[in-house]
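In: mind folding the following:
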Amino acid sequence: MNLEGITVRRVYYVVGVKRTSLASQVVYEAANPPNAGYSRAFVIEPPKPKKEGGKPGKLTLFCPSTLTANQVSPECGELQRAEIETLDDERLARLGAIIVDRWKVFCSSGQPRDYDVAAMVLQRLGIPVPTERPETDSTTSAVEHGKPALGELLKPVTRTSKRGKIAEFFMAAEGLSMLEAMAKFGSSRAVILTHLYGLHADHGLGYKILGDTVTVHPPGGMDAGAVFGQSASAGNAGRFKKKQRETEARLAEKPTSPAVAKFKAKQGEALVGKIKRAGGAAKTAATKKTTGKPCAAEVTPLPAKGKRRDIAISCSEGWVPVEELATRHGCSTGSVKSHLADLHTKHGFGYEQDDNRVRLITPKGWTA
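Out: Modelled structure (predicted):
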């Protein structure tokens with residue numbers, strides 16, 4: 001018994017043209033409700049979106065008494081007060097027995113029902129899917145159609161792919177149920193038929209469809225297990241990796257030419273080690289692009305007091321971060337750079353700056 005993604009709840013159905021609750025402003029979305037009021041239903045969650053952030057599909061409400069299914073959104077009125085019921089295996093088996101009983105009744109009277117959803121629920125409950133199918137007009141016989149198997153296998157079928165699993169399912173015995181395959185693989189009838197046609201067109205397998213039953217034949221009378229093998233894409237990937245390893249080994253054994261050795265040596269000389277600063281790695285001053293102004297041969301005295309004088313003295317000893325200067329002297333980083341420009345234009349001092357540091361250039365032997 002595997003009920004992953006399926007819960008049992010008591011949902012509330014509303015019958016009628018107008019299915020909107022004015023009190024709570026919620027919409028009752030079941031297009032074909034089995035009854036009016038509360039009813040027990042299997043709530044089947046949609047498959048997860050393939051793409052991250054994709055829009056999820058709708059939930060399916062399946063009634064075990066009427067074998068009807070309705071697709072609704074998680075915000076629908078039917079599920080507003082629907083609490084999950086915890087049922088033991090005995091009570092779940094009882095619900096499965098109800099589905100089997102109603103299946104036989106509806107099939108005998110030829111009534112259309114959501115047999116594919118019922119088959120999926122029965123399979124997840126571990127109960128065999130009934131062999132009965134809806135009766136049709138006795139004057140018309142079921143038409144057999146399909147594709148014949150070719151004389152040889154065109155290419156192996158990948159066993160782990162969905163197409164391979166469908167082929168393995170239908171080759172296990174003669175005349176297996178299409179409904180049961182739809183329930184097992186969570187696919188519609190159109191998807192199953194597409195895979196059957198792909199097995200014929202791409203691999204050479206034959207298939208026969210008679211009503212709800214499907215039979216798959218291997219090509220050329222070969223054994224069913226012989227049609228499976230490694231996919232072409234997997235084989236190509238293996239050959240590519242092997243060739244890549246051989247190329248890398250050949251290049252490793254090849255001696256380095258003098259020109260390449262000279263180029264690598266030049267690169268090594270140009271590299272400068274990194275230093276840690278302010279919790280991270282920073283480039284050394286030699287590798288940073290600097291700008292600034294040169295120092296004049298003679299400079300005028302600094303003001304007796306003020307931020308210009310303080311900033312000049314702070315920068316005269318070497319490189320200082322601009323942020324640190326701004327914090328120390330209670331001004332902005334723009335003010336620091338403005339004072340440096342004034343120190344050059346009004347006094348003749350030079351200065352250098354890179355991305356985040358500055359230093360003052362003074363004449364030899366100058367003191368504050």
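In: report the beta-bridge partner residues of residue 41.
Out: Each beta-bridge partner of residue 41 is listed here, defined by DSSP bridges: residue 9.
In: what about it, distance to residue 349?
Out: As for residue 41, its distance to residue 349 is 85 Å (criterion: C-beta to C-beta, to the nearest Å). Yep, even glycine has a C-beta here, placed from its N, CA and C like the rest.
In: now do residue 5
Out: Applying C-beta to C-beta, one obtains 76 Å for the distance of residue 5 from residue 349.
In: which one of the two has more residues nearby?
Out: Neighbours of residue 5 and residue 349, each counted by other C-beta atoms under 10 Å, are more numerous for residue 349; the result is 25 against 13.
In: mind listing what the closest residue to that one other than its chain neighbours touches?
Out: The spatially closest residue to residue 349, leaving aside those adjacent along the chain, is residue 343, at 4.3 Å (C-beta to C-beta, 6 or more residues apart in numbering). Residue 343 is in contact with 308, 311-312, 349, 351, 360, counting by C-beta atoms under 8 Å, 6 or more residues apart in numbering.
In: from those residues, pick the one nearest residue 265.
Out: Each of the contacts of residue 343 was checked against residue 265 using C-beta to C-beta; the closest is residue 351, at 36.2 Å.
In: burial check on that closest one, number of neighbours?
Out: For residue 351, the number of neighbouring residues by other C-beta under 10 Å comes to 23.
In: could you do residue 37 as well?
Out: Neighbours around residue 37, by other C-beta under 10 Å: 11.
In: per-residue pLDDT of it, please?
Out: At residue 37, the predicted lDDT confidence score is 90.
In: wait, what's in contact with it?
Out: Counting by C-beta under 8 Å, 6+ apart, residue 37 touches 12-13.
In: ok, now how distant is it from residue 221?
Out: Applying C-beta to C-beta to residue 37 and residue 221 gives a distance of 59 Å.
In: re earlier: secondary structure element holding the residue nearest to residue 349?
Out: helix 333-345 (DSSP states H and E).
In: now do the helix or strand that that helix is followed by: distance to the chain's middle.
Out: On the C-terminal side of helix 333-345, the closest following helix or strand by DSSP H and E is strand 350-353. Taking C-alpha atoms, centre = their mean, to the nearest Å, the mean C-alpha location of strand 350-353 is offset from the chain mean by 53 Å.
In: strand 350-353: partners in the sheet, and parallel or antiparallel?
Out: According to DSSP bridges, strand 350-353 has these partners: strand 291-293 (antiparallel), strand 357-361 (antiparallel).
In: remind me which residues of the stretch 251-368 of the chain are low pLDDT?
Out: Flagging of the stretch 251-368 of the chain using pLDDT under 70 yields the residue ranges 251, 254-257, 264, 268-288, 368.
In: what are the ranges of the strands in it?
Out: With DSSP state E, counting those that start in this stretch applied, the stretch 251-368 of the chain shows strands at 275-277, 280-282, 291-293, 320-321, 350-353, 357-361, listed in chain order.
In: what strands flank the fourth one, and is each parallel or antiparallel?
Out: Strands adjacent to strand 320-321 in the sheet, as given by DSSP bridges, are strand 357-361 (antiparallel).
In: tally of neighbours for residue 328?
Out: 14.
In: state the distance from it to residue 143.
Out: Taking C-beta to C-beta, one finds residue 328 at 93 Å from residue 143.
In: strands of the stretch 101-250 of the chain, residue ranges please.
Out: All strands of the stretch 101-250 of the chain, identified by DSSP E, counting those that start in this stretch, fall at 144-147, 176-177, 206-210, 213-217.
In: ok, back up a step: would you mark the buried spots in the helix holding residue 343?
Out: For helix 333-345, a neighbour-count test (16 or more other C-beta atoms under 10 Å) marks 336-337, 339-340, 343-344 as buried.
In: coming back round to it: just name the most buried of the strands paired with strand 350-353.
Out: Among the strands paired with strand 350-353, judged by mean count of other C-beta atoms under 10 Å, the one packed with the most neighbours on average is strand 357-361 (a mean of 21).
In: what angle sits between that one and helix 333-345?
Out: Angle, strand 357-361 to helix 333-345, by axes from the mean of the first three to the mean of the last three C-alpha atoms, to 10 degrees: 20 degrees.
In: how about residues contacting strand 357-361?
Out: Strand 357-361 is contacted by residues 285, 292, 294-295, 312, 315-316, 318-322, 325, 336-337, 340, 343, 349-353 when judged by C-beta under 8 Å, 6+ apart.
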